[in-house]
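Trainee: below are the sequence and a predicted model; questions follow.
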Amino acid sequence: MPTTYELPAVLPVGTVHQVLTALADPVRLEMVRRMAAEGAPVACGLLYEGISKSTASHHFKILREAGITERVVIAGQTHQKLRLEELETSLPGVVSSVVAAPR
């Protein structure tokens, strides 16, 4: 069974403004939609296409700083995890509504 552990410094969920600003970018919104659809941590490389790895890292940082995601290492590979439960507790319905909105 793979070993799972969280990297340190999980940030608190940001304000409504911080969360919505992070989700306003179409690349980040698609990343969050993919995580929501999966319902579990997703390997970073599966969350984007058509952008460089460094650009993806920048987007992951913005999502993490807004408290939307956290990094999780599974079997030595970094994954992104959507913090939906924490988001729903702090900002009920905000992220789930944005994710569910038509593309």
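Mentor: Structure's in. What do you need?

Trainee: how near is Val73 to Leu82?
Mentor: 16 Å (Cβ to Cβ, to the nearest Å). (Glycine included, C-beta is placed from N, CA and C.)

Trainee: of those two, who's got more company?
Mentor: Set Val73 next to Leu82 and count neighbours by other Cβ atoms under 10 Å: Leu82 wins out with 25 against 15.

Trainee: so the more buried one bridges to which residues?
Mentor: Thr69 (DSSP bridges).

Trainee: confidence score at it?
Mentor: On pLDDT, Leu82 comes in at 98.

Trainee: would you mind giving both backbone torsions of Ser52?
Mentor: phi -80, psi 160 (degrees, to the nearest 10).

Trainee: quick one: pLDDT of it?
Mentor: For Ser52, pLDDT reads 96.

Trainee: what's the neighbour count on it?
Mentor: The burial count for Ser52: 9, using other Cβ under 10 Å.

Trainee: tally up the residues packed near Thr89, please.
Mentor: Using other Cβ under 10 Å, Thr89 is surrounded by 10 other residues.

Trainee: show me what the helix or strand where it lies is packed against.
Mentor: For Thr89, the element it lies in under DSSP states H and E is helix 84-90. When contacts are defined as 3 or more Cβ pairs under 8 Å, 6 or more residues apart in numbering; DSSP states H and E, helix 84-90 packs onto helix 94-100.
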